[in-house]
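Trainee: This is a predicted model, with the sequence first.
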Amino acid sequence: MKITRRILITLTLSCSIIFASDAVLLAKKAEISDQSIKQGTINLQIESKESSILGIQFDIKYNPQELDLSDSGIISKIPDMFLKSRMQEPGYAKVLMFSMNGDKILDLNNGDIGDIMEIKFDPVSMFNGTSKVELDNIILAGEGGIQVDSAPRTTLDVSYFTPQQTSLSKNYPNPFNPSTTIDYQLSKAGTVSLIVYDLKGSEVKTLVNEHQDAKYYNVVWNGLNHNSQSVASGRYLLKMTAPGYSETITMTLLK
């Protein structure tokens, strides 16, 4: 069973720059409280001072006995971008990103830095500790397909820890239509339930009702009831119960 724990991302270099010269790729720094870090996501940004960036390519190397990475774990943050990842072998993936229409990943007319993608790892089995992730063979393409010089490969230290406390986060987005995501974390294993109620106290939908391990989770409510029917616009209550814990939040559905 895979257990997702809080992920701390640091660089072995003195800063988080992955590319040098005219353009750089940054591992976005975030605080431990950042939800994306808790979910094991490395956020990548690109920065260029001299030219726009139209394409990017690099390799990801990691220990497959400690970390797991699927194609669905590499996600573009830029609409209409072609993002292709290919697992060459366990622990080694190639990533390519560009636009089929010639759009720019980073357009200097809109600023010199921007988010481009996220990479989500899961720990294998009961792995707990620090694992190395390398970004290598980095290529940036500028105007006219000209390659931007890049620095040697960079190593990321990725460490996993179990949550310090059990808690339920506010859903996002809120208000929402048609679906919303709820993040929660468990500091100890046990039976967990997340149930949606209307304001009259009637049960609308059970999202979770099972034994779960101590780790970080999220669940999506798509605005449907137990009969898979769309519910009406309005406010709803989500109640979470776990060992030694109970909390309720309010969610608003607007159609």
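Mentor: Yes, it's here.

Trainee: in the protein, which spans are helices?
Mentor: Here the chain has its helices, by DSSP state H, at 35-38.

Trainee: ok, longest strand in it?
Mentor: Taking DSSP state E as the criterion, the chain has its longest strand at strand 130-141.

Trainee: what packs against that strand?
Mentor: strand 23-27, strand 41-48, strand 55-62, strand 147-148, strand 154-161 (3 or more Cβ pairs under 8 Å, 6 or more residues apart in numbering; DSSP states H and E). (C-beta placed from N, C-alpha, C; glycine too.)

Trainee: That one pairs with which strands, and in what direction?
Mentor: Here strand 130-141 is paired, per DSSP bridges, with strand 55-62 (antiparallel), strand 147-148 (antiparallel), strand 154-161 (antiparallel).

Trainee: any idea which of the ones you listed scores lowest on pLDDT?
Mentor: Among these, strand 154-161 has the lowest mean pLDDT, at a mean of 65.

Trainee: low pLDDT regions in the chain?
Mentor: 1-41, 125-129, 148-154, 156-162 (pLDDT under 70).

Trainee: Which segments of it make up each domain?
Mentor: As assigned by automatic domain parsing, the chain contains the domains 6-161, 167-253.

Trainee: What distance do you get for the residue of the chain positioned farthest from its centre to residue 236?
Mentor: Distance from the centre of the chain peaks at residue 200, with 35.4 Å (Cα atoms, centre = their mean). The gap separating residue 200 from residue 236 is 11 Å, by Cβ to Cβ, to the nearest Å.

Trainee: The longest strand of the chain vs strand 41-48, what angle?
Mentor: 30 degrees (axes from the mean of the first three to the mean of the last three Cα atoms, to 10 degrees).

Trainee: give me phi/psi at the residue lying closest to residue 213 once chain neighbours are set aside?
Mentor: Distances taken as Cβ to Cβ, 6 or more residues apart in numbering put residue 189 closest to residue 213, at 4.9 Å, once the chain neighbours are dropped. Main-chain dihedrals, residue 189, degrees, to the nearest 10: phi -70, psi 150.

Trainee: And for residue 244?
Mentor: According to degrees, to the nearest 10, residue 244 has phi 70, psi 20.

Trainee: For it, which residues are in contact?
Mentor: 166, 188 (Cβ atoms under 8 Å, 6 or more residues apart in numbering).

Trainee: repeat for residue 99
Mentor: Residue 99 touches 54, 80, 81, 82, 105, counting by Cβ under 8 Å, 6+ apart.

Trainee: Kindly report the same for residue 88.
Mentor: Contacts of residue 88 (Cβ under 8 Å, 6+ apart): residue 94.

Trainee: Swap in 10 Å and give it another go.
Mentor: The contact partners of residue 88, taken as Cβ atoms under 10 Å, 6 or more residues apart in numbering, are 59, 60, 61, 94.

Trainee: And those, which is closest to residue 131?
Mentor: residue 61 (11.2 Å; Cβ to Cβ).

Trainee: How about the closest one: what's its closest non-neighbour residue?
Mentor: On the basis of Cβ to Cβ, 6+ apart, the spatially nearest residue to residue 61 that is not a chain neighbour turns out to be residue 134, at 4.2 Å.

Trainee: could you check the distance from that neighbour over to residue 215?
Mentor: From residue 134 to residue 215 the distance is 25 Å (Cβ to Cβ).

Trainee: Who has more neighbours out of these two?
Mentor: Set side by side, residue 134 and residue 215 show more neighbours around residue 215, with 20 against 16, by other Cβ atoms under 10 Å.

Trainee: I am assuming the more buried one contacts residue 185, so please confirm or correct that.
Mentor: Yes. With contact defined as Cβ atoms under 10 Å, residue 215 reaches residue 185; the gap is 7.3 Å.
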